[in-house]
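1. Using only what follows, build the 3D model:
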Amino acid sequence: MKAHIVRDPRCILLWRVGTDTPGYDALQRIARANKVKLRCVADGDLGGLVGNLCAGRPAPDAAPLIAVPDTPTMVISGLRHDNGELSAFLDTLKTAGFAVPVRCMVTPTNKNWTLAELLTELAREHDAVNGKAVQ
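-> Residues are numbered from 1 along each chain as shown. Below you'll find the model as predicted:
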C-alpha cells in the first residue's frame, strides 16, 4: 500500500522539544535550509487540528482536559518520502545530533485529528512496537 502524506504546508510541530533539547540549533538550521517552518506546540494547542496547527492557525481557546504523553515528538508535514527528501532530512538531523523518540508524518487522515488525539495514538503505536502493554 502506498503511503499518502500531506505535502503542504512544510512544517514541523514539536511537542516537548525546546531550545534546550540537544541538537535543537542544528534542527533550526536544517529546517531553515529546507524551507520548513518549526512550530513548538504546548498544552494550549492540544485541541487544535493537526493540519491547522501546521498551517499556522491558532488552536481553539479551550484545550481538552485529557492526559497526553510527555514524550518528545516531531510531527512532519510537507516533506516528500517518494523522492528521498524525508529520509535525507531525517538523516541530516541524526548526523547533526538531533533526535526525538517519536516522529510521524501528517497524513490526509491524521491532519483532521486534534493534537491530543495524534499524541495519544502515537504513544499507543510506539508502545506496541516496543513490546509494551497497549491500553
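2. buried set for the helix ranked longest in the chain?
-> Across the chain, the longest stretch assigned as helix under DSSP state H is helix 115-129. Neighbour-count burial for helix 115-129 flags Leu115, Ala116, Glu117, Leu118, Leu119, Thr120, Leu122, Ala123, His126 (criterion: 16 or more other CB atoms under 10 Å). C-beta here means a position set from N, CA and C on the backbone, and glycine is covered the same way.
3. Please name the nearest non-neighbouring residue to the second one.
-> In this case it means Ala116. Among residues not flanking Ala116 along the chain, Leu46 sits closest, at 4.1 Å (CB to CB, 6 or more residues apart in numbering).
4. what's the answer for the fifth one, then?
-> Among residues not flanking Leu119 along the chain, Val68 sits closest, at 4.6 Å (CB to CB, 6+ apart).
5. For the most centrally placed residue in the chain, name its beta-bridge partners.
-> In the chain, the C-alpha nearest the mean C-alpha coordinate belongs to Val75, at 1.1 Å (CA atoms, centre = their mean). Legend: beta-bridge partners of Val75 under DSSP bridges are Leu13, Cys104.
6. got a list of what it touches?
-> Neighbour list for Val75: Ile12, Leu13, Leu14, Trp15, Val50, Cys54, Arg103, Cys104, Met105, Val106, Leu118 [criterion: CB atoms under 8 Å, 6 or more residues apart in numbering].
7. Which strands or helices does the helix or strand of the chain with the lowest mean pLDDT pack on?
-> Taking mean pLDDT, DSSP states H and E as the measure, the helix or strand of the chain with the lowest value is helix 115-129, at a mean of 90. Counting contacts by 3 or more CB pairs under 8 Å, 6 or more residues apart in numbering; DSSP states H and E, helix 115-129 packs against strand 11-15, helix 50-54, strand 73-77, strand 102-105.
8. how near is the closest residue to Ala59 other than its chain neighbours to Lys94?
-> Once flanking residues are discounted, Ala59 sits nearest to Gly48: 3.1 Å by CB to CB, 6+ apart. Taking CB to CB, to the nearest Å as the criterion, Gly48 is separated from Lys94 by 28 Å.
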